[in-house]
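Enquirer: A structural model of the following input is requested.
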Amino acid sequence: MKIKANIVFSAVFAMTLGGLQALPSSGGNGKNSGGIVNSNQDVQNTAADNSTVNSGIRADGAEITNSRLMLNSNIHVDNIALNGSKINSGIEAELSELKEANITNLNSNVKNTAVGGSKINSGISATGAVIKNSKIGNDNSKVENTAVKKSTVNSGVNLGGQE
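Expert: The predicted structure is shown next:
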């Protein structure tokens, strides 16, 4: 059964990826700037004692315009952040400018554990970003989040303070 579930998810993932890549460019010149794709499968990220791990897409302060696709996927991923540490296995675009983009994050069988003032993002975080004419999608399946002792976990979409 486990293999079947993985095959079904992979097929859905491939259809999603294929569908997003088939979208026409929304730029006036008809050109496509490509996209950013990241995938984590069977990964364990551990950060301890004020450390940082990035296995996702980090585009803080970036200007991404006329982009067709920003896609991140996590399949069978364990994130463990301890003692003031930070892990990003999702899409982080704080204070960025995103125009005409398709931003998609997929989580399947993900476990996030943050302890002692730590932060984990396995979703989409774009606090303070300028987002125009863009589509944002986040899908979670079998995700377990635990945050204790003043820690935070985001496996959803955080657009706090965006224009």
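Enquirer: drop to CA atoms for contacts and neighbour counts, all remaining ones
Expert: Will do.
Enquirer: So which residues of the chain form helices?
Expert: Ranges of helices in the chain, per DSSP state H, are 2-21.
Enquirer: So which residue is smack in the middle of it?
Expert: Central residue of the chain (C-alpha atoms, centre = their mean): residue 90, 2.6 Å from the mean position.
Enquirer: got the contact list for residue 147?
Expert: Residues counted as contacts of residue 147 (C-alpha atoms under 8 Å, 6 or more residues apart in numbering) are 113-115, 153.
Enquirer: Among those residues, which pair sits farthest apart?
Expert: 115 and 153 (9.9 Å; C-alpha to C-alpha).
Enquirer: Ignoring the adjacent residues along the chain, who's closest to the residue nearest to the centre of the chain?
Expert: Ranked by C-alpha to C-alpha, 6 or more residues apart in numbering and with sequence neighbours excluded, the top spatial neighbour of residue 90 is residue 122, at 4.0 Å.
Enquirer: So what pairs up with the nearest residue to residue 154 once chain neighbours are set aside in the strands?
Expert: When the adjacent residues along the chain are set aside, residue 154 lies closest to residue 121, with 4.8 Å between them (C-alpha to C-alpha, 6+ apart). Under DSSP bridges, the beta-bridge partners of residue 121 are residue 88, residue 154.
Enquirer: Fine by me, thanks again.
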